[in-house]
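Peer 1: One predicted model, sequence on top.
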Amino acid sequence: MITRRHFFYGTLLAGAVPAGGFGSVPSLRRLGFKSPNEKLNIAAVGAGGKGRSDIAGCATENIVALCDPDEKRAAETFAKYPKVPKYKDFRRMFDKEDKNIDAVLVSCPDHMHGIVSMWAMERGKHVYCQKPLTRTVWEAQQLTKAAARYGVATQMGNQGYSSEGTRLCCEIIWAGDIGPVREVHAWTNRPLKYWPQGPDVVPKEEPVPPTLDWDLWLGVAAWRPYSPAYVPHNWRGFPDFGCGAIGDMACHILGAANMALRLTAPVSVECIKKEGVGKYTFPQRTIIRFDFPARGSMPPVTIYWYDGLEKRPHIEGVPDDEVLGDGNINGSLFIGEKGMLTTGCYGENTRLVPASRMKDYKLPEPLLTRAPGRFPQAHYRDWIRACKGGEPACSNFSVAGPFVQWMLLGVIAMHFEGKLIWDAERGRFSSPTEANQYLKPRFRKGWKFA
């Protein structure tokens, strides 16, 4: 019970926070109840890079199968589990290990998230899929429906959804302490210093390394010659494989906004600025504007996304020497009618702006349940608990699917000049209609999504 504050957002939040956790679907026991003390048998698709840390995050469970088409990238993890079966093709792994697998980690490049997750759910496997959930809007729609249809426990890998700061952000905003929020700014330094993209990037053909199965790495994507410009992680900058900086970081940085403002679908999206436009990759820098309608008693809100920055953007009304986010490199700023609030990349460092407002400020009474354990391990534990019959994980696909759908509209906006009008009811752009070609991927012959 809230003893000190009340919600000025009224009925909008009624039922928004289940007693035991987040989500809109009931507890899931597709595989039969598992005692919290019984270990899950987990397979991983993607064992190098982010896959390495995802597997480590689930080290309390049994890792029973590993899959990666890049032996060199996966070598460290493969060596850590010498007796575990290794595969290059996830389809063969599912065929061979089906009876041994309870759940699957999906940590491969973005263009393969959708098909691997779908194959796993069709086989009754719980799924933890890295962010962004999918590369395209259509795939996110399909995974959202499939998770409910197959009754499996799911989680997207945006670990900030499990952070204390994200929950504090919600509670401060819902308590009305900065007033109705009509504007949010969110920014990142990606891809700056992380991977090259822009006009200077040309994928020059080279011989395929003997440790890489290039055909399997391409998967659903159209065939092209191998280039080190793509592998091991620069693929993020190429539209056929990744979603650029917004796909890499928006699921983290805008997670607090998505949760606190109960965001649905925008009415429009526009790439209002882009620099360093490349022939093969996403631009070096963009500013994207999302306009959301009123949600219950919450007013319309505009969200601005900035990427490729060396420091946080200049925002009117905020002195440039005021530190925002996680030290100005990544973060968000909520502008309300009565004040401002900032958060870091994963919802950390949540505080009022200017910082002097925190001196005598009393936090609202806790409303939201806290994640099980410390950040970032709590995000994996939240999913593992759901797999064993607990409440739905905080970023399960009923939450993550709609979130990623609106975020991916920003990726599409980079291809156009001017405003794109989104028809949420029909799930398509009403203008320009040419933008609808980017909603659904084209799968290479021989690859089946579902």
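Peer 2: That came through, no problem.
Peer 1: going forward, measure contacts between C-alpha atoms and count neighbours the same way
Peer 2: OK.
Peer 1: and residue 352, that's in a strand?
Peer 2: Yes - assessed with DSSP: H, G, I helix; E, B strand; the rest coil, residue 352 lies in a strand.
Peer 1: neighbours of it, just the number please.
Peer 2: For residue 352, the neighbour count with other CA atoms under 10 Å is 23.
Peer 1: Please apply the same query to the one 4 residues further on.
Peer 2: Applying other CA under 10 Å, we find 10 residues neighbouring residue 356.
Peer 1: can you list the residues that contact the longest helix along the chain?
Peer 2: Looking across the chain with DSSP state H, the single longest helix is helix 397-413. Residues outside helix 397-413 that contact it (CA atoms under 8 Å, 6 or more residues apart in numbering): 23-25, 132-137, 140-141, 143-144, 147-148, 154-156, 243-244, 246-247, 250-251, 258, 263-266, 269-271, 288-290, 419-420, 435, 438.
Peer 1: Just the ones of those in strands?
Peer 2: 154-156, 269-271, 288-290, 419-420 (DSSP state E).
Peer 1: Tell me which two in those are the farthest apart.
Peer 2: Greatest spatial distance in the ones in strands among the contacts of helix 397-413: 154 and 419, 33.6 Å, computed using CA to CA.
Peer 1: neighbour-wise, which of the two wins?
Peer 2: Neighbour comparison, residue 154 and residue 419: the larger count goes to residue 154, with 34 against 16 (by other CA under 10 Å).
Peer 1: got the contact list for that one?
Peer 2: 126-129, 147, 383, 386-387, 392-393, 395-397.
Peer 1: Distance check, it against residue 166.
Peer 2: According to CA to CA, to the nearest Å, residue 154 stands 20 Å off from residue 166.
Peer 1: now swap in residue 308 and tell me
Peer 2: From residue 308 to residue 166 the distance is 24 Å (CA to CA).
Peer 1: swap in residue 314?
Peer 2: Using CA to CA, residue 314 is found at 23 Å from residue 166.
Peer 1: And for residue 331?
Peer 2: Residue 331 is 12 Å from residue 166, where distance means CA to CA.
Peer 1: per-residue pLDDT, residue 233?
Peer 2: In this model, residue 233 is scored at 87, pLDDT.
Peer 1: can you pull the contacts of it?
Peer 2: Counting by CA under 8 Å, 6+ apart, residue 233 makes contact with residue 195.
Peer 1: Low-confidence stretches in the chain?
Peer 2: 1-36 (pLDDT under 70).
Peer 1: tell me the domain ranges of it?
Peer 2: Domains of the chain are assigned by automatic domain parsing as 22-159+380-401, 162-371+402-438.
Peer 1: Any chance of these in a markdown table with distance to residue 450 as columns?
Peer 2: Below are the domains of the chain laid out as a markdown table (distance: least, CA to CA, whole Å):
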| stretch | distance to residue 450 |
| --- | --- |
| domain 22-159+380-401 | 7 |
| domain 162-371+402-438 | 12 |
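Peer 1: and the ones you listed, which is most packed in?
Peer 2: Mean neighbour count, computed with mean count of other CA atoms under 10 Å, is highest for domain 22-159+380-401 among those, reaching a mean of 21.
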